[in-house]
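Q: Below are the sequence and a predicted model; questions follow.
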Amino acid sequence: MTTLKFPLEYNQDGSLVTLEDGTDSFYAQLLSFSALTEPGTFPFSPEFGVFDPSFGLVNRGLFMLQASRFVPEVEIIEAEGELIEDTGTTFLRVKFKRV
């Protein structure tokens with residue numbers, strides 16, 4: 001099964017880029033959705049997501065809890081956040097392995 005890559009990209013032939021289910025790229029995208037989604041966004045799964053970290057770091061513990069709950073096919077090895085104070089930009093670097 002394939003899923004669309006986000007943000008959307010196009011192949012040379014004009015088709016949308018997709019990710020194959022079960023690949024590292026697929027799981028990286030799922031984990032990024034968890035970090036970028038505010039809890040309560042999805043009515044059928046209101047607990048999914050991490051609170052908006054604008055001008056602060058992503059809550060590492062909550063992210064790891066959400067990852068283990070909603071993406072059980074991977075094990076988080078490392079999750080480190082960085083805040084660039086000049087711009088308010090936050091980064092979350094995650095290392096994981098498929099289990």
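A: Yes, it's here.
Q: name the element the residue nearest the centre of the chain belongs to?
A: By Cα atoms, centre = their mean, the mean C-alpha position of the chain lies nearest to Ser32, the distance being 1.2 Å. Counting by DSSP states H and E, the element that carries Ser32 is helix 24-36.
Q: looking just at contacts, which helices and strands does that helix meet?
A: The contact analysis (3 or more Cβ pairs under 8 Å, 6 or more residues apart in numbering; DSSP states H and E) places helix 24-36 against strand 18-20, helix 60-70, strand 89-98. Quick note: C-beta positions are derived from backbone N, CA and C, even for glycine.
Q: okay if I get the ones you listed as a markdown table plus distance to Leu83 and mean neighbour count?
A: Formatted as a markdown table, the helices and strands packed on helix 24-36 follow (distance: least, Cβ to Cβ, whole Å; neighbours: other Cβ atoms under 10 Å):
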| stretch | distance to Leu83 | mean neighbour count |
| --- | --- | --- |
| strand 18-20 | 29 | 15 |
| helix 60-70 | 12 | 16 |
| strand 89-98 | 5 | 14 |
